[in-house]
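Undergrad: Sequence first, predicted model second:
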Amino acid sequence: MAKNKKKGSVRRNSWKRWFKMRKISIINEKGGVGKTTTSINLASGLAKKGKKVLIIDLDPQGNVSQFFGVELKPFDIKKFNELEVPANFNTRQAVKFIDDFLCKNNGIQKDINSLLTSRNEDIHDCVYSTEYENLDIIPSLGTNLIKTDKYLTADNGKIYNRLKRALRTVRNDYDFIIFDHAPTFNNITINGLFASDEILIPLKIGGFELRSFINMMYELFDFEDDFEQVYKIKILMNMIPRGKRNDYQNFMKKLQELFKDKVLITTIGFQEAVASRSTMNSKLLIDTKTKIGFDYENLVDEILKGGN
């Protein structure tokens, strides 16, 4: 289990640091395009380069959190079976009773849900160190985010900038913040985008994937217009089959023709055996010394150059 980070000092005259710190949302409304894998390996690669990185898990599935070992304690069935249940419980009381038990005994920590649902939450209580030097995480635990969107919808306050306000407290502590988004567009997505200034879209070749990409771009255009935001958008061709298949090569060339320098030079290949071993062993692809590992190293270098 990762441990909470201790509070750092906050300098008052550090607004320049907020703008210097790069905040990148990795997003795609289509699942299965390597979004989370990209988030994990990019964040880890930047940390290996000596950059201070905070990765934020905005996906209710919590795959980033699980990879870095920040997750709930196993369910203790013996303790549950030993509970003394008060008489004459109705259904609502029973649900609350079980909820209290889970929160107390499963070791639920503060997470991204805590920041989004509370105006007074201390962000330092939600940040955990990982086993990787220079890399911290704000996790998504126990599918709490599933109900967070409904909470934000019902709230009358400025729901879209809660995450951005909270992150100002740690603006002196990090060079990069990486947001791993769920494959959806809701109030949680809006919070992540509002706190970002760059967007990285992993795109897999295919008709359905291309349609999802276009739909998401329309969403981003609307978001930029509604909130008067201007983003630096980059497209990452991801999970590309190896080989010299002309159709794939021409597809990538056509996107470069359409979107110019928004398409990154780096492409990420797909090696099923390597990816499977990496998932099973919770090992970073960027550390595998394979072609796909070198691809991620190239991605890190290109992202670093893009900030100059």
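TA: Now that the structure is in, tell me what you want to look at. Numbering: from 1, shown residues only.

Undergrad: pretty sure residue 184 belongs to a helix, no?
TA: No. Counting by DSSP: H, G, I helix; E, B strand; the rest coil, residue 184 is located in no helix; its state is coil.

Undergrad: For it, grab the count of nearby residues.
TA: Residue 184 has 14 neighbours, counted by other CB atoms under 10 Å. C-beta coordinates here come from the backbone N, C-alpha and C atoms, glycine included.

Undergrad: quick one, what contacts it?
TA: residue 29 (CB atoms under 8 Å, 6 or more residues apart in numbering).

Undergrad: Quick check: pLDDT value at it.
TA: Listed pLDDT for residue 184 reads 89.

Undergrad: distance of it from residue 192?
TA: From residue 184 over to residue 192 the distance is 11 Å, taken as CB to CB, to the nearest Å.

Undergrad: Residue 81 now?
TA: In this view, residue 81 and residue 192 are 40 Å apart by CB to CB.

Undergrad: Looking at the two, which is more packed in?
TA: Remark: of residue 81 and residue 192, residue 192 carries more neighbours, 25 against 7, as counted by other CB under 10 Å.

Undergrad: my read: that one touches residue 179, true?
TA: Yes. Look at residue 192 against residue 179 with CB atoms under 8 Å: they come within range, at 4.3 Å.

Undergrad: Give the residues shared as contacts by these two.
TA: Taking CB under 8 Å, 6+ apart as the criterion, residue 192 and residue 179 both touch 25, 27, 56, 58.

Undergrad: Could you identify which of those has the most neighbours?
TA: Busiest of the shared contacts of residue 192 and residue 179 [other CB under 10 Å] is residue 56, holding 30 neighbours.

Undergrad: how about it, phi and psi?
TA: Main-chain dihedrals, residue 56, degrees, to the nearest 10: phi -120, psi 120.

Undergrad: pLDDT score for it?
TA: At residue 56, the model reports a pLDDT of 98.

Undergrad: so how many other residues sit close to the residue lying closest to residue 126 once chain neighbours are set aside?
TA: Leaving out its chain neighbours, the residue that sits closest to residue 126 by CB to CB, 6 or more residues apart in numbering is residue 110, at 4.4 Å. Other residues lying near residue 110 total 20 when counted by other CB under 10 Å.

Undergrad: right, and the pair among the shared contacts of residue 192 and residue 179 with maximum separation?
TA: Spanning the widest gap among the shared contacts of residue 192 and residue 179 are 27 and 56, at 12.3 Å by CB to CB.

Undergrad: tell me the SS of residue 173?
TA: Of the three states, residue 173 takes coil under three-state DSSP.

Undergrad: now it: how far from residue 53?
TA: Distance, residue 173 to residue 53, by CB to CB: 10 Å.

Undergrad: More neighbours: which of these two?
TA: Counted by other CB under 10 Å, residue 173 and residue 53 do not tie: residue 53 has more neighbours, with 24 against 20.

Undergrad: OK, contacts around that one?
TA: Shown in contact with residue 53 (CB under 8 Å, 6+ apart): 43, 44, 46, 47, 134, 135, 136, 174, 175, 176, 177, 178.

Undergrad: And those, which of them are buried?
TA: The neighbour-count test (16 or more other CB atoms under 10 Å) applied to the contacts of residue 53 identifies 43, 44, 46, 47, 134, 135, 136, 174, 175, 176, 177, 178 as buried.

Undergrad: so which of the residues you listed would you say is closest to residue 209?
TA: Once CB to CB is applied, the member of the buried ones among the contacts of residue 53 that ends up nearest residue 209 is residue 178, at 21.9 Å.

Undergrad: What pLDDT is listed against that closest one?
TA: On the pLDDT scale, residue 178 is placed at 98.

Undergrad: For it, give its distance to residue 56.
TA: Using CB to CB, residue 178 is found at 7 Å from residue 56.

Undergrad: Which neighbours do residue 27 and residue 56 have in common?
TA: Common contacts of residue 27 and residue 56 (CB under 8 Å, 6+ apart): 179, 192.

Undergrad: buried sites along whichever strand or helix holds residue 266?
TA: Under the criterion of DSSP states H and E, residue 266 resides in strand 263-270. Within strand 263-270, the residues that count as buried by 16+ other CB under 10 Å are 263, 264, 266, 267, 268, 269, 270.

Undergrad: In CSV: those residues, plus pLDDT and distance to residue 127.
TA: Shown next, in CSV, are these (pLDDT from 0 to 100; distance: CB to CB, whole Å):
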residue, pLDDT, distance to residue 127
263, 97, 33
264, 97, 29
266, 96, 29
267, 94, 33
268, 94, 28
269, 90, 33
270, 86, 33
